[in-house]
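Student: sequence and predicted structure below; questions after.
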Amino acid sequence: MVIRLSEYTVPRTRSTFSYMLEENGRSSSMFLCDLLENSYATGTQKDYTTVNIGKLFLETTTMLRAFEVYCVRQGSASVLLTNLEKEKELLRIFLRVSQMENTLLRRMNLSAFLMVPVQRVTKYPLLLNRLYKVTPYHHKDREALREAQLKIELHLEHINQVRNRLFFRVSLMTSLESSIIEEVPEYSL
């Protein structure tokens, strides 16, 4: 099934969703290339018992930039989607039918799919912490696991700060708009 956003959305909406999808795709491609290069360089493409997980996470922390962009914009994308579904009945019907009939969607709605990358990136520190706890003290990957966990936690804190600043600015603008509208007298024609 091909989704044609142009039939259901306005240009500004298409550009918002398109940018998020392109950024996510670009970062995923870079991540995959890095993993493949690392795998072939170390000769571990078939030997999964010697993978240094902490090192892999450390080498791919640049990928977190894509998660930052995505996480910061995810909230506004969800609000935009909700508003569009309210305004455009055809879009709402299309999304509902897609959700129910497309087996790849696992009966999840688009709003839930928009949340998946945010949920995934916040679980990485938990995963790395668990791996750290069960990794023997003498294992060469133990410290890399801890370092990767700390780097990701710092990046998540940064993402949260950026998101909060954006939320504050939007709230402030909304408040200012409301006060301006209240102060402007209505003139009857």
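Tutor: Received, thanks.
Student: can you tell me the element R107 falls in?
Tutor: With elements taken from DSSP states H and E, nothing contains R107; it lies in neither a helix nor a strand.
Student: same check on the one 10 residues further on?
Tutor: Element membership of P117, judged by DSSP H and E, is helix 110-134.
Student: counting by contacts, list what that helix packs against.
Tutor: Using 3 or more C-beta pairs under 8 Å, 6 or more residues apart in numbering; DSSP states H and E as the contact criterion, the secondary-structure elements in contact with helix 110-134 are helix 53-59, helix 64-87, helix 142-183. All C-beta spots, glycine's among them, are computed from the backbone N, C-alpha and C.
Student: could you give the angle of the second one to helix 110-134?
Tutor: In this structure, helix 64-87 runs at an angle of 150 degrees to helix 110-134, with axes from the mean of the first three to the mean of the last three C-alpha atoms, to 10 degrees as the basis.
Student: just how off-centre is helix 64-87 within its chain?
Tutor: For helix 64-87, the separation from the chain centroid amounts to 9 Å (computed by C-alpha atoms, centre = their mean, to the nearest Å).
Student: average pLDDT across it?
Tutor: For helix 64-87, mean pLDDT is 85.
Student: likewise for the first one?
Tutor: Computed over helix 53-59, the mean pLDDT rounds to 88.
Student: name the residues that touch it?
Tutor: When contacts are defined by C-beta atoms under 8 Å, 6 or more residues apart in numbering, helix 53-59 is touched by residues 34-35, 38, 124, 128, 131, 141-148, 151-152.
Student: for N52, give me phi and psi.
Tutor: Main-chain torsions, N52, degrees, to the nearest 10: phi -90, psi 90.
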